[in-house]
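Student: Here is my input, please return the structure:
(one chain, ligands or ions: 1)
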Amino acid sequence: MEPALSPIRSHHVAVIGAGPAGLVAARELRREGHSVVVFEKQKQVGGTWIYTDEVESDPLSVDPTRSVVHSSVYRSLRINGTRECTGYRDYPFVVRSGVSESRDPRRYPSHGEVLAYLKDFAREFGIEEMVRFETEVVKVPPAAEGEIGKWRVESTEKEKRVRRDEIYDAVVVCNGHYVEPRLAEIPGISSWPGKEMHSHNYCIPEPFKDQVVVLIGNSSSAEDISRDIATFAKEVHVACRSNPADTFIKQTGYNNLWTHSSIECVHEDGSVVFQNGKTISVDIIMHCTGYKYHFPFLDTNGIVSVDDNRVGPLYKDVFPPAFAPWLSFIGIPWQVLPFPMFELQSKWIAGVLSGRIPLPSKEDMIMEIKTFYSTLEFQGIPKRYTHRMGNTQFEYDNWLASQCGCSETEEWRKEMCLANVVRKEAHPETYRDEWEDHHLISQAYQDFST
Ligand code: FAD
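Tutor: The predicted structure follows:
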């Protein structure tokens with residue numbers, strides 16, 4: 001294990017969640033000399049990568065009284081980026097020798113391999129000793145009303161039915177954001193007799209045998225699940241609002257899978273009418289329409305809020321100025337390589353908390369956030385895309401790296417990420433098994449070995 005850096009100030013920090021974000025946050029905070037408690041409501045580390053065939057009682061996941069299943073991973077899921085790009089920067093996602101469990105050595109392995117990697121990471125860096133498993137954080141208000149600084153963390157421990165109420169100097173929120181579903185609005189849906197569900201509750205294709213299924217969305221999930229289901233279903237139709245109105249395409253290699261434009265309306269007789277004029281009698285509509293940020297435990301008196309899926313105000317997607325640095329969020333940006341970004345955000349938070357890395361004044365942070373929001377508005381980008389990064393992710397990562405005194409994102413990682421996007425778009429069926437970027441793989445492994 002690496003020696004801890006000498007801290008300027010050490011704090012007592014609560015991390016909420018032991019998924020990929022919380023694990024690396026715990027490591028970086030401890031490296032910086034802070035004392036850390038990680039709260040994790042599940043029995044093990046790994047977050048969304050803990051696959052389960054349990055589903056929620058409400059297939060749409062809207063009933064607030066339902067018991068929530070955290071993972072959104074389905075049985076057939078393989079990662080959608082290369083393993084070289086996916087792993088943390090200083091703990092590469094390589095095939096490890098000497099591990100006893102059976103592993104998936106493929107370049108785009110299944111979800112189980114990611115979970116095994118995260119467990120290796122936790123073991124290697126002794127993270128589990130900081131984690132309180134089966135302990136859910138239920139409320140996080142400021143410790144003293146009107147005072148900025150410490151937080152009260154209220155948690156419940158499942159087994160012992162114990163409720164704890166503790167004070168921490170700082171809270172780092174790593175609760176994941178693929179749990180609370182977003183749904184499409186469909187004219188006529190209240191009287192449509194078919195079954196609706198969200199992809200959050202999708203595990204396996206067998207229950208769709210001989211059914212006519214419509215999936216709404218154009219994400220990786222819609223792409224993968226539609227192909228998965230097509231092996232059993234009678235017909236699969238993907239409705240995608242970003243497609244031109246007249247879109248009606250039969251997927252090559254399938255005789256039962258079509259892509260359409262969006263749904264225009266649905267009717268009492270079970271039919272679904274698409275914008276392209278096609279009408280189909282449908283058994284199931286699956287919303288593959290993504291998720292909403294959700295922090296049910298956070299009580300900031302409205303100072304930090306989620307508005308049309310904008311978590312704000314946040315300086316650099318991490319610190320709400322009013323509470324900085326005592327409250328922070330890891331993993332808010334999307335369309336990114338998550339693990340390397342979590343690692344840099346964690347280093348930044350740890351260094352800011354110890355006083356080693358300075359933050360701008362509250363006024364300057366607010367000013368920067370306002371300018372950013374105005375730029376989005378000027379560019380016509382809706383609020384709900386505030387945290388979408390895509391091409392700007394490496395600029396962001398490099399900014400974080402510069403704050404922390406780390407090296408910038410490796411050239412091979414940027415090029416490989418881009419090559420993956422292009423290949424995925426052009427060959428959605430085969431991009432996980434066929435590639436040409438062998439020179440980038442060599443560069444990555446050369447890097448990993450130094
Ligand atoms: P999570 O992994 O969701 O972990 C959050 C943790 O917080 C969980 O363990 C949860 O139990 C815990 N928690 C939540 N609330 C509380 C509470 N109140 N108290 C205590 N504990 C709490 N990323 C990739 O890099 N490659 C991929 O191929 C990829 N595919 C994906 C496919 C799907 C279907 C989904 C949903 C996501 C995919 N992702 C992928 C993104 C993935 O979410 C991230 O890789 C990563 O898991 C996010 O890590 P996290 O720690 O932020 O959240």
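
Student: what is the rounded mean pLDDT of stretch 357-376?
Tutor: Average pLDDT, stretch 357-376: 98.

Student: Show me what counts as buried in it.
Tutor: 357, 359, 365, 369, 372-373 (16 or more other CB atoms under 10 Å). C-beta here means a position set from N, CA and C on the backbone, and glycine is covered the same way.

Student: hmm, who's touching that stretch?
Tutor: 312-315, 319, 321-322, 324-325, 348, 351-352, 383, 385-386, 403-404 (CB atoms under 8 Å, 6 or more residues apart in numbering).

Student: Could you dump the buried residues of stretch 357-376 into CSV with secondary structure added?
Tutor: Output for these, formatted as CSV (DSSP: H, G, I helix; E, B strand; the rest coil):
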residue, secondary structure
Ile357, coil
Leu359, coil
Met365, helix
Ile369, helix
Phe372, helix
Tyr373, helix
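
Student: those strands in the stretch 151-300 of the chain, which residues are they?
Tutor: With DSSP state E, counting those that start in this stretch as the criterion, the stretch 151-300 of the chain has strands at 151-157, 162-168, 170-173, 180-181, 195-198, 212-216, 235-239, 248-250, 257-260, 263-266, 271-274, 279-281, 284-287, 291-292.

Student: Of those, which is nearest Val304?
Tutor: Of all the strands of the stretch 151-300 of the chain, it is strand 170-173 that lies closest to Val304, at 9.5 Å by CB to CB.

Student: That closest one packs against which elements?
Tutor: The helices and strands touching strand 170-173, judged by 3 or more CB pairs under 8 Å, 6 or more residues apart in numbering; DSSP states H and E, are strand 12-16, helix 20-31, strand 151-157, strand 327-329, helix 338-354.

Student: which residue sits farthest out from the middle of the chain?
Tutor: Relative to the C-alpha centroid of the chain, counting by CA atoms, centre = their mean, Asp269 is the outermost residue, at 37.5 Å.

Student: so who does the closest residue to the ligand within the stretch 101-250 of the chain touch?
Tutor: Among the residues of the stretch 101-250 of the chain, Gly176 lies closest to the ligand, at 2.2 Å counting by CB to the nearest ligand atom. Counting by CB under 8 Å, 6+ apart, Gly176 makes contact with 17, 19, 21, 47-48, 70, 331.

Student: for those, which one is nearest Asn256?
Tutor: Thr48 (29.7 Å).

Student: Neighbours of the closest one, how many?
Tutor: 18 (other CB atoms under 10 Å).

Student: quick one: pLDDT of it?
Tutor: Thr48 carries a pLDDT value of 98.

Student: Excluding chain neighbours, what is closest to it?
Tutor: Ser71 (5.1 Å; CB to CB, 6 or more residues apart in numbering).

Student: wait, what's in contact with that neighbour?
Tutor: Applying CB under 8 Å, 6+ apart, we find Ser71 in contact with 47-52.

Student: Over to Glu113?
Tutor: Per CB under 8 Å, 6+ apart, neighbours of Glu113: 83, 103-104, 106.

Student: By neighbour count, which of these wins?
Tutor: Counting neighbours by other CB under 10 Å, Arg83 leads the contacts of Glu113 with 22 neighbours.

Student: Quick check: closest non-adjacent residue to that one.
Tutor: Spatial nearest neighbour of Arg83, excluding adjacent residues (CB to CB, 6+ apart): Phe93 at 4.5 Å.

Student: Give the burial count for that neighbour, as a bare number.
Tutor: Count around Phe93 with other CB under 10 Å applied: 22.

Student: mind checking which helix or strand it is in?
Tutor: Under DSSP states H and E, no helix or strand contains Phe93.

Student: Could I get the pLDDT score of Glu147?
Tutor: pLDDT recorded at Glu147 is 70.

Student: looking at this, it is in a strand?
Tutor: No - going by three-state DSSP, the assignment for Glu147 is coil, not a strand.

Student: Check whether the residue in the stretch 251-400 of the chain positioned nearest to the ligand sits in a helix, strand or coil.
Tutor: Relative to the ligand, the nearest point of the stretch 251-400 of the chain is Gly331 (3.5 Å; CB to the nearest ligand atom). At Gly331 the chain is in coil, as set by three-state DSSP.

Student: Contact partners for it?
Tutor: Gly331 makes contacts with 20-21, 174, 176-177, 338, 341-342, 345, as judged by CB under 8 Å, 6+ apart.

Student: Please indicate which of the residues you listed are buried?
Tutor: Here, 16+ other CB under 10 Å leaves 20-21, 174, 176-177, 338, 341-342, 345 buried among the contacts of Gly331.

Student: quick check, nearest of these to His111?
Tutor: Distances from His111 to the buried ones among the contacts of Gly331, taken by CB to CB, are shortest for Pro20, at 12.3 Å.

Student: Tell me if I'm right that the closest one and Pro340 touch.
Tutor: No - contact criterion CB atoms under 8 Å: Pro20 and Pro340 do not qualify, at 10.4 Å.

Student: restrict the contacts of stretch 357-376 to those near the ligand?
Tutor: Among those, proximity to the ligand is found for none (CB under 6 Å from any ligand atom).
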